[in-house]
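> A predicted structure for the sequence below; I have some questions about it.
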Amino acid sequence: MDSHPVAPLPHEQDGRPRTAIVTGSDSGIGKAVAVTLASAGVDVGITYHQDTDGAEQTATDVTGCGAKAAVRRLDLTDLPGSANVIDELADELGGVDVLVNCAGTGSSEPAIGMAYDTWRGVISVDLDGAFLCAQRAARRMIDAGRGGRIINITSVHEHAPRIGAAPYCAAKAGLGMLTKVLALELAPHGITVNSVAPGEISTPMTGQENVDPRAQDRPGYPLGRPGHAHEVAGVVAFLATPAAGYVTGASYVVDGGMLLMGPQASSALSTSDWREG
């Protein structure tokens, strides 16, 4: 018989998380995640880099769901000090049961001519920043003794490459492996760690703010369109619930089948002839 102590199930006291911090929640996927969690009664810490108005609108949407909102600026190019924001938000919210690492950036140029500062800028935000935020949140969760959830928003490029996105792909692949290591290390504390890997989602980051993804034709994707931020948020929300208590170290791809085709090739297809075999 195994004599190791068994950590409590996350949030077993009331069956659901009470507080969450969502980085990069001023727009896009982060905003959708924050509002989706708030609609389930979770108080939300909101971070932004430059879009103050976007963050305030997210806060308004969160409070409109009946949840508490706390807002802080988070500059993940100013590390490690800026990660103090996680502790500040946890203090204001009364703890952190869920961390969603959503803040991110990218680049679009061949690696061979890329300046080192460009490389480091993307890695800093997408990987270093996520590591430090997860570290701060995990320490809080361990001290509270209630378990917790860490959910890292990666990309299909956690799993497959793309021309012109070397630091982005490297950072997301690195974050995917960091997710697995943290899942092992934090399991004894009842903390699960998973990644969610979106494909093309209609957000400001893809130049599709306020665009209906159902109206966008993508012949190379099996589902034939980009995704909506709320379709990613729904998976994140599931991972934050007790229903996902036995899921850790996993990567949930939310891409309309893009990864089945290969991201590089699928985006280049102009017809659906491939469906004929």
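All right, it came through fine. Numbering: from 1, shown residues only.

> Contacts only, for Ala171.
By CB atoms under 8 Å, 6 or more residues apart in numbering, the contact set of Ala171 is Val122, Ile123, Val125, Asp126, Leu127. C-beta coordinates here come from the backbone N, C-alpha and C atoms, glycine included.

> Poorly predicted segments of the stretch 51-200 of the chain, please.
Within the stretch 51-200 of the chain, no range satisfies pLDDT under 70.

> all strands of it, in order?
Using DSSP state E, counting those that start in this stretch, the strands of the stretch 51-200 of the chain run over 69-73, 98-101, 148-153, 191-198.

> just how off-centre is the shortest one within its chain?
When distances are taken as CA atoms, centre = their mean, to the nearest Å, strand 98-101 is centred 7 Å away from the chain's centroid.

> So which residues lie in contact with that strand, not counting its own?
17, 19-23, 25, 30, 33, 37, 42, 86, 129-130, 133-134, 137, 148-153, 175, 236, 240.

> same check, this time on the third one
The contact list for strand 148-153 (CB under 8 Å, 6+ apart) reads 10-11, 17, 29-30, 96-102, 104, 130, 134, 137-138, 141, 175-176, 178-179, 182, 186, 189-196, 198, 232, 236, 239-240, 244.

> Indicate each strand paired with it and its parallel or antiparallel sense.
Here strand 148-153 is paired, per DSSP bridges, with strand 98-101 (parallel), strand 191-198 (parallel).

> Tell me which of those strands sits most buried.
strand 98-101 (a mean of 30; mean count of other CB atoms under 10 Å).

> Let's see that strand as PDB, backbone CA atoms only.
In PDB, the C-alpha atoms belonging to strand 98-101 read as follows (Å, rounded to 0.1, in the frame of the first residue of the first chain):
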ATOM      1  CA  VAL A  98      -6.200  29.600 -11.100                       C
ATOM      2  CA  LEU A  99      -3.500  31.200 -13.100                       C
ATOM      3  CA  VAL A 100      -3.900  31.600 -16.900                       C
ATOM      4  CA  ASN A 101      -0.700  32.600 -18.700                       C
END
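
> returning to what we had before: the strands of the stretch 51-200 of the chain: which one's closest to Pro222?
Among the strands of the stretch 51-200 of the chain, the nearest to Pro222 by CB to CB is strand 191-198 (15.2 Å).

> what are the ranges of the helices in the stretch 51-200 of the chain?
52-64, 84-93, 116-123, 129-144, 166-186 (DSSP state H, counting those that start in this stretch).

> want to throw those into CSV with distance to Arg218?
Formatted as CSV, the helices of the stretch 51-200 of the chain follow (distance: least, CB to CB, whole Å):
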stretch, distance to Arg218
helix 52-64, 26
helix 84-93, 36
helix 116-123, 25
helix 129-144, 28
helix 166-186, 20
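
> And the pLDDT at Asp14?
Looking at Asp14, its pLDDT reads 55.

> no no, Arg214
73.

> Looking at the helices of the stretch 51-200 of the chain, spot the one closest to Arg225.
So among these, helix 166-186 is nearest, using CB to CB, at 22.3 Å.

> just the angle between that closest one and strand 191-198, please?
In terms of direction (axes from the mean of the first three to the mean of the last three CA atoms, to 10 degrees), helix 166-186 departs from strand 191-198 by 160 degrees.

> Can you dump the C-alpha atoms of helix 166-186 in PDB for me?
Taking C-alpha atoms only, helix 166-186 is exported to PDB below (Å, rounded to 0.1, in the frame of the first residue of the first chain):
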ATOM      1  CA  ALA A 166      11.400  31.200 -34.800                       C
ATOM      2  CA  PRO A 167      11.300  32.800 -31.400                       C
ATOM      3  CA  TYR A 168       7.500  32.400 -31.100                       C
ATOM      4  CA  CYS A 169       7.700  28.700 -31.900                       C
ATOM      5  CA  ALA A 170      10.700  28.100 -29.700                       C
ATOM      6  CA  ALA A 171       9.000  29.900 -26.800                       C
ATOM      7  CA  LYS A 172       5.700  28.100 -27.200                       C
ATOM      8  CA  ALA A 173       7.400  24.700 -27.500                       C
ATOM      9  CA  GLY A 174       9.400  25.600 -24.400                       C
ATOM     10  CA  LEU A 175       6.300  26.600 -22.500                       C
ATOM     11  CA  GLY A 176       4.700  23.200 -23.500                       C
ATOM     12  CA  MET A 177       7.600  21.300 -21.900                       C
ATOM     13  CA  LEU A 178       7.700  23.700 -18.900                       C
ATOM     14  CA  THR A 179       4.000  22.800 -18.500                       C
ATOM     15  CA  LYS A 180       4.900  19.100 -18.200                       C
ATOM     16  CA  VAL A 181       7.800  19.600 -15.800                       C
ATOM     17  CA  LEU A 182       5.600  21.800 -13.500                       C
ATOM     18  CA  ALA A 183       2.800  19.200 -13.700                       C
ATOM     19  CA  LEU A 184       5.200  16.600 -12.200                       C
ATOM     20  CA  GLU A 185       6.600  19.000  -9.600                       C
ATOM     21  CA  LEU A 186       3.400  20.500  -8.400                       C
END
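
> Appreciated, that's everything.
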